[in-house]
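requesting a structural model of the entry that follows:
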Amino acid sequence: MSEFLTILLLLIWYAAIGSFSWTQRTPIYLFTLLAGHVSALAIPLWSAVYGLEYRLDVVTVQILAAEPVPLGIMLSSAWLIPLPALAVFTLYRFRWWFPGQFTGLLTYLVFLLYHLLIEVVGMRLGFWSYASNGELPLGFSTSVLAAMMASMISYGLLYLLLVVQRFAWSSMLIALLPAILGLSLLIYGVLGAPLWLALVLNGADWTITAGLASTLLLLIWGGQIITRGLKQTEERRGEGRR
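Here you go, the predicted structure:
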């Protein structure tokens with residue numbers, strides 16, 4: 001029943017996005033949905049190293065990473081990450097949103113609230129759960145960290161949408177199709193490396209605490225880079241109009 005509902009919602013989502021793409025005369029929305037599906041390929045790995053099993057050995061991670069992606073996750077990935085980025089991108093196209101330091105921070109916070117809501121609903125409905133009640137050192141919740149990372153991916157996707165919006169369709173597809181997967185590799189794999197390495201290698205409590213603190217600092221740093229990139233993109237667009 002849940003998979004049927006997911007498929008139905010996905011068809012409605014595709015129909016709405018397809019119609020909107022037609023009226024806007026751009027395929028960027030449909031390309032972004034396809035990129036969401038591609039990003040699901042790495043979900044089993046991130047699920048393994050970030051808390052479905054709190055203490056894992058390398059062999060277990062390899063086995064879990066090789067598992068097929070559940071159909072529900074593969075289907076819902078078309079909107080979980082792309083939706084907030086596409087919404088703000090649409091506001092930008094209608095000149096109802098402008099990149100900047102304050103608006104960038106506000107946008108990320110809105111993305112965070114959206115992904116926190118997804119986390120709460122997903123856990124309440126039993127779609128996923130975290131080991132050890134989702135608790136990390138310093139009283140931090142795994143679901144909050146997951147929402148922060150997902151928000152950063154959506155934020156990075158927003159920047160990429162602004163960059164490629166005037167590309168030729170073929171170039172736009174090449175840039176967007178692996179985009180969310182690449183961002184997830186960067187956010188979960190690189191910025192989250194201090195934490196997941198400590199978890200996978202069964203580190204002591206202090207190493208996990210240090211890893212968590214390092215990951216949080218790296219996420220803040222990454223957010224600042226994306227915010228500057230958004231602002232520079234708008235400045236270049238303004239110069240091009242002169």
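
what does stretch 155-168 contact?
26, 28, 32, 35, 81-82, 84-86, 88-89, 92-93, 99, 107-108, 111, 171-172, 175-176, 179-180, 183, 186-187, 222-223, 226, 229-230, 233-234 (C-beta atoms under 8 Å, 6 or more residues apart in numbering). Where C-beta positions appear, they are placed from N, C-alpha and C, glycine not excepted.

buried ones only from those, please, as a PyMOL command.
A single PyMOL command selects the buried members of the contacts of stretch 155-168 (16 or more other C-beta atoms under 10 Å):
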select buried, resi 26+28+32+35+81+82+84+85+86+88+89+92+99+107+108+111+172+175+176+179+180+183+187+222+223+226+229+230+233+234
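
tell me where the model's unsure across the protein.
Low-confidence segments of the chain (pLDDT under 70): 1-6, 44-76, 126-129, 131-134, 237-242.

quick one: the helices in it?
For the chain, the helices defined by DSSP state H occupy 2-24, 28-39, 43-47, 58-65, 71-80, 82-93, 101-124, 142-164, 169-176, 179-184, 193-200, 205-241.

of all those helices, which lies closest to residue 130?
When the helices of the chain are compared by C-beta to C-beta, helix 142-164 sits nearest residue 130, at 4.4 Å.

quick one, that closest one and helix 28-39 angle?
140 degrees (axes from the mean of the first three to the mean of the last three C-alpha atoms, to 10 degrees).

please compute how far helix 142-164 lies from its chain's middle.
4 Å (C-alpha atoms, centre = their mean, to the nearest Å).

likewise for stretch 15-26?
On C-alpha atoms, centre = their mean, the centre of stretch 15-26 falls 23 Å from the chain's centre.

what's next to it, contact-wise?
Applying C-beta under 8 Å, 6+ apart, the contact partners of stretch 15-26 are 27-30, 33, 86, 93, 165.

could the residues you listed be laid out in CSV, adding distance to residue 130?
Compiled in CSV, the contacts of stretch 15-26 are given as follows (distance: C-beta to C-beta, whole Å):
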residue, distance to residue 130
27, 37
28, 34
29, 32
30, 33
33, 27
86, 28
93, 37
165, 37
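
ok, so of these, who is nearest residue 119?
residue 86 (19.9 Å).

quick one, what contacts the closest one?
17, 29, 32, 161.

ok, now residue 121?
Residue 121 neighbours (C-beta under 8 Å, 6+ apart): none.

among the contacts of residue 86, who's most crowded?
residue 32 (28 neighbours; other C-beta atoms under 10 Å).

leaving out chain neighbours, which residue sits closest to that residue?
Closest residue to residue 32 apart from its sequence neighbours, by C-beta to C-beta, 6 or more residues apart in numbering: residue 82 at 4.7 Å.
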